[in-house]
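>>> got a predicted structure plus its sequence, pasted below:
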Amino acid sequence: MKLKIIFLSLFFFITLTAFAPAPTIQFALLKYSGGGDWYNDVHSLRNLARFCNAQIGTNISEEYGTVEPGSPDIFNYPFVYMTGHGNVVFSNDEAKNLRTYLIGGGFLFINDDYGMDPYIRSTMKKVFPELDMVELPFSHGIYHQKFEFPNGLPKIHEHDNKPPQGFGLIYEGRLVAFYNFECDLGDGWDDVHNDPLELRTKALQMGANIIQYVFGING
């Protein structure tokens, strides 16, 4: 029944989008357990929404929700943002609910703000034990929307002198989660880190590409 509701909701969303004006949608910030600071980068989603509305014609609310992975409210948000520096823990029920959400059409964007990598991979294995995170090739469509990123993710923050990487979880041919590592797009979307304007712009452009790809918005 829950999957049926999700698919019906997506059908109406697509129908409304096709015959517009586009409905207002809302992002959500994922509140998870384990001790990681899920709440940091407080302006990221607001700034990304504002940039997408201006650059790719979306109608995204600048006010975002906060949702837990096990909550039924997660099905109200087509795009969920997850960030932090440390540990991440999902209970069995949370992993099951998040899986249902992602299979049913939802999308999870994971931002490693530094220190999340050792935990997020094993945690997402609990959600999709049959899947591995795979690095997306530079030819992937997510890098070639309104803004061109021929070399993949831009480097926003220096952490361990490693190149930025974009990983995906692909379920039955569909990208259901995207994980940026050694990149920190979320910090670039925020406006409290004194990043140069050039880097902030690149981060927002890549964010707009992700939104455009996820929602199938024509460029």
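Arrived safely, thanks for sending. Numbers count the residues shown, from 1 in each chain.
>>> just say helix, strand or coil for the residue most central in space within the chain.
Centroid-nearest residue in the chain: residue 109, 1.9 Å away (criterion: CA atoms, centre = their mean). Three-state assignment for residue 109 (DSSP: H, G, I helix; E, B strand; the rest coil): strand.
>>> any idea what it is bridged to?
residue 81, residue 178 (DSSP bridges).
>>> just the buried residues of the helix or strand hosting residue 94, please?
Secondary structure assigned from DSSP states H and E places residue 94 in helix 92-103. For helix 92-103, a neighbour-count test (16 or more other CB atoms under 10 Å) marks 94, 95, 97, 98, 99, 100, 101, 102, 103 as buried. To be clear about C-beta, it is placed using only N, CA and C from the backbone, and glycine gets the same treatment.
>>> now that helix: average pLDDT?
Helix 92-103 shows a mean pLDDT of 98.
>>> show me what it is in contact with.
2-3, 6, 32, 68-72, 74-75, 80, 90, 108, 126-128, 169, 171, 176-177 (CB atoms under 8 Å, 6 or more residues apart in numbering).
>>> alpha carbons of it, as PDB, please.
Written as PDB, here are the backbone C-alpha positions of helix 92-103 (Å, rounded to 0.1, in the frame of the first residue of the first chain):
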ATOM      1  CA  ASN A  92      16.500  -1.800  11.300                       C
ATOM      2  CA  ASP A  93      13.200   0.000  11.000                       C
ATOM      3  CA  GLU A  94      14.900   3.200   9.800                       C
ATOM      4  CA  ALA A  95      16.900   1.300   7.200                       C
ATOM      5  CA  LYS A  96      13.700  -0.400   6.000                       C
ATOM      6  CA  ASN A  97      11.700   2.800   5.800                       C
ATOM      7  CA  LEU A  98      14.500   4.600   3.900                       C
ATOM      8  CA  ARG A  99      14.800   1.800   1.500                       C
ATOM      9  CA  THR A 100      11.100   2.000   0.800                       C
ATOM     10  CA  TYR A 101      11.300   5.700   0.300                       C
ATOM     11  CA  LEU A 102      14.300   5.400  -2.200                       C
ATOM     12  CA  ILE A 103      12.800   2.500  -4.200                       C
END
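>>> who's in contact with the residue nearest to the centre of the chain?
79, 80, 81, 82, 177, 178, 180, 210.
>>> from those residues, pick the one nearest residue 142.
residue 210 (6.1 Å; CB to CB).
>>> residue contacts, that closest one?
Shown in contact with residue 210 (CB under 8 Å, 6+ apart): 109, 142, 178.
>>> repeat for residue 58
Counting by CB under 8 Å, 6+ apart, residue 58 has contacts 22, 25, 49, 52, 211, 215, 217.
>>> distance of it relative to residue 122?
34 Å (CB to CB, to the nearest Å).
>>> quick one: low-confidence parts of the protein?
Low-confidence regions of the chain, defined by pLDDT under 70, span residues 1-23, 192, 219.
>>> redo that, cut-off 80
1-23, 36, 41-42, 157-161, 191-195, 218-219 (pLDDT under 80).
>>> can you show me the strands along this structure?
Shown for the chain, the strands assigned by DSSP state E span residues 27-30, 65-67, 79-84, 107-112, 134-135, 165-171, 174-181.
>>> residues in contact with residue 27?
45, 48, 49, 60, 61, 64, 65, 77, 79, 80, 81.
>>> I'm done for today, thanks for sticking with me.
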